[in-house]
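**Student:** Return a 3D structure for these sequence lines:
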Amino acid sequence: MHLTLAAAETLVIDALTRNRVDEANARSVARALVAAEAAGQGGHGLRRVEAYAKQAKAGKVDGFAKPQLERLFPAVVRIDACYGYAYPAFDLAASVLPEIAREQGIALAAVRRSHHAGVLALTVERFAEMGLVALMVANATASMAAWGGRKPVFGTNPIAFAAPIPETDPLVIDLALSRVARGKVMAARQKGVDIPADWAFDRNGQPTTDAIAALEGTMAPSGEAKGAALAMMVEILAGGLTGANFSFESSSLFDDKGSAPGLGQMLIVINPAASGGSGVAERLAMLVGEISSDPGVRLPGRRGQTARRQALESGIEVEGEVIATIHSL
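**Tutor:** The predicted structure follows:
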């Protein structure tokens, strides 16, 4: 089905508000999920609506939660998502961090008792569009073992980074530390299709093409031992240093069973003028120009940015079964 972005957001808002989510939170979630869909990240897009709505209806996520902010240090804020969705907490961070970064040179937000972080690129890019550099990490429900193990300890634990580039789109890097985002495996399960054999392991630690077996087993880390080590680093930053649950303490983001996930995210925003002086923007432009001069190179983030621009003009195509599922809620 073809939808404009506005129509897609309305569809999501209606589904959530019918399932114990207040309109402000539903609107924040809808913007994030539709933007993910428009960027080509369907695993973090409209396929998430069913789980989001059912979790709110069951009370696993508080659809009426209002994130709370405290600033005990000049450059640091702590945000309690209060077991609600993550996106209202990110909106709150985006409303205060730019001013703090311009005043202090750097700003940090530690988010706890949170939920699915979605496409981190969409959050860090907001700061780059204001001329700031942003780095973000998030933990997720355990789905990846430490290198050499079989027991899920870490989530896919994404890292995202964005930097402003004069006269062009920001440079945006967003990567899960699993070989692929777990949302892609979830999407394959919903579609009833196989996955590539190098995406995940079954419960016995064997590579699998079965999406259901993959979701019951563990995700393969990107870069093998190096990816697993980076996942540990993110676990410490996003879980340990924020006061959130560790990945292995968190409940599933895909069903309405159990307690709230209680995950964590950390966001660091840097004022480039504070660290590098007035010439930073031109230096970044020179770097990007040098990279782009190689005809075989595509800058990170450009595919998603192009897809979102096209979606603004011409809308998005959404599978009929996804639309039907949302209507059934």
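**Student:** what's near enough to touch Ala145?
**Tutor:** Listed by Cβ atoms under 8 Å, 6 or more residues apart in numbering, the contact partners of Ala145 are 151-154, 201, 218, 228. All C-beta spots, glycine's among them, are computed from the backbone N, C-alpha and C.
**Student:** Longest helix in this structure, please.
**Tutor:** helix 86-104 (DSSP state H).
**Student:** same for that helix, what does it pack against?
**Tutor:** helix 23-38, strand 68-73, strand 76-80, strand 106-114, helix 120-128, strand 263-270 (3 or more Cβ pairs under 8 Å, 6 or more residues apart in numbering; DSSP states H and E).
**Student:** Count the neighbours of Met219 for me.
**Tutor:** 30 (other Cβ atoms under 10 Å).
**Student:** So it sits against Thr156, correct?
**Tutor:** Yes - under the criterion of Cβ atoms under 8 Å, Met219 makes contact with Thr156 at 6.0 Å.
**Student:** shared neighbours, these two?
**Tutor:** 143-144, 178, 182.
**Student:** Which helix or which strand is home to the nearest residue to Ala30 once chain neighbours are set aside?
**Tutor:** Spatially, and ignoring its direct neighbours in sequence, Ala30 is nearest to Val12 (3.8 Å; Cβ to Cβ, 6 or more residues apart in numbering). Element membership of Val12 [criterion: DSSP states H and E] is helix 5-17.
**Student:** Just the angle for the lowest-mean-pLDDT helix or strand in the chain relative to helix 23-38, thanks.
**Tutor:** When each helix and strand of the chain is scored by mean pLDDT, DSSP states H and E, helix 182-191 comes last, with a mean of 85. Helix 182-191 and helix 23-38 are oriented at 90 degrees to each other (axes from the mean of the first three to the mean of the last three Cα atoms, to 10 degrees).
**Student:** going forward can the numbers begin at 27, since that is how I track them
**Tutor:** Okay, using 27 as the starting number, the last item reads as helix 208-217.
**Student:** dump the residue contacts of the residue nearest to Ala56.
**Tutor:** Counted by Cβ under 8 Å, 6+ apart, Val38 has contacts 52, 55-56, 59-60, 72, 75, 352.
**Student:** just to revisit the earlier point, now the helices and strands packed on helix 112-130 in a markdown table, with mean neighbour count?
**Tutor:** Output for the helices and strands packed on helix 112-130, formatted as a markdown table (neighbours: other Cβ atoms under 10 Å):
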| stretch | mean neighbour count |
| --- | --- |
| helix 49-64 | 23 |
| strand 94-99 | 12 |
| strand 102-106 | 20 |
| strand 132-140 | 25 |
| helix 146-154 | 25 |
| strand 289-296 | 26 |
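**Student:** Find the nearest non-adjacent residue to Gln81, please.
**Tutor:** Using Cβ to Cβ, 6+ apart, the closest residue to Gln81 is Val87 (4.4 Å).
**Student:** Next one, pLDDT for the nearest residue to Leu279 once chain neighbours are set aside please.
**Tutor:** Leaving aside its sequence neighbours, Leu279 sits nearest to His142 (Cβ to Cβ, 6+ apart; 4.9 Å). pLDDT for His142: 97.
**Student:** and His142, what helix or strand is that in?
**Tutor:** Counting by DSSP H and E, His142 is found in no helix or strand.
**Student:** show me the residues around it that make contact.
**Tutor:** By Cβ under 8 Å, 6+ apart, the contact set of His142 is 70, 74, 78, 111-112, 166, 279, 287, 289.
**Student:** circling back to that earlier point, how close does the residue nearest to Gln81 sit to Gly181?
**Tutor:** 17 Å (Cβ to Cβ, to the nearest Å).
**Student:** Kindly indicate the member of the contacts of Ala171 with the most neighbours.
**Tutor:** In the contacts of Ala171, the most neighbours by other Cβ under 10 Å go to Phe180, 30 neighbours.
**Student:** Show me what that residue is bridged to.
**Tutor:** Beta-bridge partners of Phe180, counted by DSSP bridges, are Met170.
**Student:** residues contacting Val47?
**Tutor:** Contacts for Val47 (Cβ under 8 Å, 6+ apart) come out as 55, 79, 82, 89-90.
**Student:** that older thread, of the helices and strands packed on helix 112-130, which is nearest Gly269?
**Tutor:** Among the helices and strands packed on helix 112-130, strand 132-140 comes nearest to Gly269, with 4.6 Å by Cβ to Cβ.
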